[in-house]
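S.K.: starting from these lines, generate the structure:
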Amino acid sequence: MKLIFALLLIIFLAFSGYHLSFRCLRLPLFARRFYLTGTEFLFLGLLLGPQFFNLFDTETQMGLAPLADLLLGWIGLLFGFQFEIKKLRRFPAEYLLAAVMEGLLTLSLVFSATYLTLPLLIDISASMRIVASITLAAAAACTAQTGLALMAGDSIAGSPRILRLLRYISGIDGLSALLVFGLAFTLCHTGSSDPWPWALGKVAAVNLGASMGLLFLFTLFLALRLQESELVLVVIGMALLTSGMASALNFSPLLANFFVGFWIVNLSRKKERIYHILVTVEKPTYLMLLLFLGVHMRLESLWIPVLAAGYCFYRFLGKLLAGFLVTRLTPDFRQYPRFLGFGLLDQGGLPVAILLDFHRGFPGRPTEVVITFALLAVIFNDFLSQNFLQRLLKMDK
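M.R.: Alright, predicted model coming up:
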């Protein structure tokens with residue numbers, strides 16, 4: 001009964017919050033960013049979790065795990081739909097190079113910094129140290145367009161070329177982050193005495209084969225003439241089957257559904273209808289992700305905000321250095337300000353999904369500490385990014 005009540009409460013809060021959050025109210029910019037990004041649902045989840053009301057105890061969380069997998073699958077499908085090759089070809093190849101370079105440079109710097117410092121700050125095993133460092137680096141590499149959307153029209157009107165570049169990088173750099181995050185799952189679930197390249201290849205082959213089999217099944221369904229209600233059922237079934245398969249294989253539902261979404265958007269004639277179905281419940285899905293993560297947060301130490309500030313600093317340095325190298329090493333981008341990283345500090349919703357997927361795949365005390373300070377760092381970035389974005393736009397004028 002408690003599980004049913006918790007499920008109904010989550011659905012009620014998410015869909016009621018959808019009508020209350022993401023609204024342009026007349027609030028100060030500080031409060032408006034907090035409100036428009038749905039951050040309050042993190043703290044609502046914290047209140048409902050074991051630290052306070054304990055509505056979502058351990059048993060209830062285990063019962064709701066399939067819902068969390070479905071949410072991750074839905075986000076993965078949506079993210080995969082961003083990579084339609086026909087549309088990506090409209091941009092110069094240099095844009096893709098800049099986005100990939102920026103993402104990989106940020107990943108490398110944040111991974112190195114967190115890998116070296118994590119054992120000094122929390123009690124963590126060697127294998128979990130690698131996984132946590134990869135996860136934090138992947139979350140740090142992601143960029144969102146929230147800051148650009150909240151900027152006043154007159155403040156961005158004079159910088160069309162840099163805005164075009166920032167929007168493109170924001171949409172693409174999450175790809176390298178997601179692929180590297182999937183590598184962490186593959187490395188840590190090899191479980192074999194074989195040499196790690198061979199074990200890695202076997203795990204990747206099993207997951208790829210299962211994904212291709214499901215994709216073939218989905219292609220058969222999508223080849224039929226389907227009414228809207230039937231197509232909705234097919235899309236939900238796609239997310240459920242792919243997420244269930246990934247969970248059974250100890251893989252990432254987020255990444256598995258990303259591959260499915262990528263192939264569907266490039267092969268299916270029903271891609272516009274499917275995308276409309278996916279995006280209809282995007283915001284409630286995001287709010288439910290925040291609720292689930294809030295339940296797993298553990299604000300038990302005054303060191304947690306300090307860790308969050310340190311991780312936020314690592315990410316800031318990574319984005320700043322990556323933006324500098326992109327503008328200096330690529331001849332076509334030397335016309336842009338060298339502090340391009342100032343416009344890449346917003347993180348958005350993909351890091352939230354990565355952190356929840358990390359908790360689902362690697363539960364435990366170190367994981368809860370990592371996602372707690374990582375989520376606080378996401379909030380810090382949300383509030384810092386606006387000021388630095390304004391500085392970048394002033395440099396471009």
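S.K.: next, count neighbours for the closest residue to residue 292 other than its chain neighbours.
M.R.: Nearest in space to residue 292, with sequence neighbours left out and distances taken as C-beta to C-beta, 6 or more residues apart in numbering, is residue 68 at 5.3 Å. Where you see a C-beta, it was placed from the backbone N, CA and C, and this is true even at glycine. Number of residues near residue 68 (other C-beta atoms under 10 Å) recorded here: 23.
S.K.: residue 68 sits in which helix or strand?
M.R.: Element membership of residue 68, judged by DSSP states H and E, is helix 65-80.
S.K.: against residue 223, how distant is the residue nearest to residue 292?
M.R.: Distance of residue 68 to residue 223, computed by C-beta to C-beta, to the nearest Å: 31 Å.
S.K.: OK, contacts around residue 354?
M.R.: 135, 138-139, 142, 177-178, 181, 254 (C-beta atoms under 8 Å, 6 or more residues apart in numbering).
S.K.: show me the shaky parts of this structure.
M.R.: Within the chain, the stretches with pLDDT under 70 are 18-37, 146-159, 188-204, 206-207, 396-397.
S.K.: tell me, what residue is most central in it?
M.R.: Computing the C-alpha centroid of the chain and ranking residues by C-alpha atoms, centre = their mean puts residue 350 first, at 1.6 Å.
S.K.: so who does it touch?
M.R.: Here residue 350 is in contact with 75, 79, 142, 144, 174, 177-178 (criterion: C-beta under 8 Å, 6+ apart).
S.K.: among those residues, which pair sits farthest apart?
M.R.: Maximum pairwise distance among the contacts of residue 350 (C-beta to C-beta): 14.2 Å, between 144 and 178.
S.K.: identify each buried residue in the helix holding residue 68, please.
M.R.: Neighbour-count burial for helix 65-80 flags 67-80 (criterion: 16 or more other C-beta atoms under 10 Å).
S.K.: with stretch 43-53 instead?
M.R.: 44-46, 48-50.
S.K.: what is the helix or strand that contains residue 305 packed up against?
M.R.: Under the criterion of DSSP H and E, residue 305 resides in helix 303-329. When contacts are defined as 3 or more C-beta pairs under 8 Å, 6 or more residues apart in numbering; DSSP states H and E, helix 303-329 packs onto helix 93-121, helix 126-141, helix 365-395.
S.K.: does the residue of the chain positioned farthest from its centre count as helix, strand or coil?
M.R.: In the chain, the residue that sits farthest from the middle, by C-alpha atoms, centre = their mean, is residue 225; the gap is 33.4 Å. Recorded secondary structure, residue 225: coil (DSSP: H, G, I helix; E, B strand; the rest coil).
S.K.: gap between it and residue 270?
M.R.: Distance, residue 225 to residue 270, by C-beta to C-beta: 10 Å.
S.K.: list the buried residues of stretch 318-338.
M.R.: Buried residues in stretch 318-338, counted by 16+ other C-beta under 10 Å: 318-327, 333, 336-338.
S.K.: oh, I was asking about stretch 250-261
M.R.: Within stretch 250-261, the residues that count as buried by 16+ other C-beta under 10 Å are 251-261.
S.K.: follow-up on the earlier one: quick check, nearest of the buried residues of helix 65-80 to residue 117?
M.R.: Minimum distance to residue 117 across the buried residues of helix 65-80 is 28.1 Å, recorded for residue 72 (C-beta to C-beta).
S.K.: wait, what's in contact with that closest one?
M.R.: 243, 252-254, 257, 289, 353, 356-357, 360.
S.K.: rewinding a little: can I get the helices and strands packed on helix 303-329 in JSON lines with distance to residue 63 and mean neighbour count?
M.R.: Output for the helices and strands packed on helix 303-329, formatted as JSON lines (distance: least, C-beta to C-beta, whole Å; neighbours: other C-beta atoms under 10 Å):
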{"stretch": "helix 93-121", "distance to residue 63": "31", "mean neighbour count": "19"}
{"stretch": "helix 126-141", "distance to residue 63": "25", "mean neighbour count": "23"}
{"stretch": "helix 365-395", "distance to residue 63": "19", "mean neighbour count": "20"}
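S.K.: quick one, which of these gets closest to residue 187.
M.R.: helix 126-141 (7.3 Å).
S.K.: show residues contacting the closest one.
M.R.: So helix 126-141 is contacted by 103-104, 106-108, 110-111, 114-115, 118-119, 124, 173-174, 176-178, 180-181, 183-184, 187-188, 311, 314-315, 318, 347, 351, 354-355, 358, 362, 364, 366-367, 370, 374, 378 (C-beta under 8 Å, 6+ apart).
S.K.: then stretch 289-306?
M.R.: Under C-beta under 8 Å, 6+ apart, the answer for stretch 289-306 is 10, 13-14, 38-39, 41-51, 56, 61, 64, 68, 71-72, 75, 121, 349, 352-353, 355-356, 359, 368-369, 371-373, 375-376.
S.K.: alpha carbons only: can I get stretch 367-387 in CSV?
M.R.: The C-alpha trace of stretch 367-387 is given here as CSV (Å, rounded to 0.1, in the frame of the first residue of the first chain):
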residue,chain,number,x,y,z
THR,A,367,27.5,7.0,-4.4
GLU,A,368,25.0,9.0,-2.3
VAL,A,369,27.8,11.3,-1.1
VAL,A,370,28.9,11.8,-4.7
ILE,A,371,25.5,12.6,-6.1
THR,A,372,24.7,14.9,-3.2
PHE,A,373,27.7,17.3,-3.8
ALA,A,374,27.3,16.9,-7.6
LEU,A,375,23.7,18.0,-7.4
LEU,A,376,24.6,21.0,-5.2
ALA,A,377,27.3,21.9,-7.8
VAL,A,378,24.7,21.8,-10.5
ILE,A,379,22.7,24.4,-8.5
PHE,A,380,25.8,26.5,-8.0
ASN,A,381,26.5,26.4,-11.7
ASP,A,382,22.9,27.5,-12.5
PHE,A,383,23.3,30.6,-10.5
LEU,A,384,26.9,31.4,-11.6
SER,A,385,26.4,30.9,-15.3
GLN,A,386,24.2,33.9,-16.0
ASN,A,387,26.8,36.4,-14.8
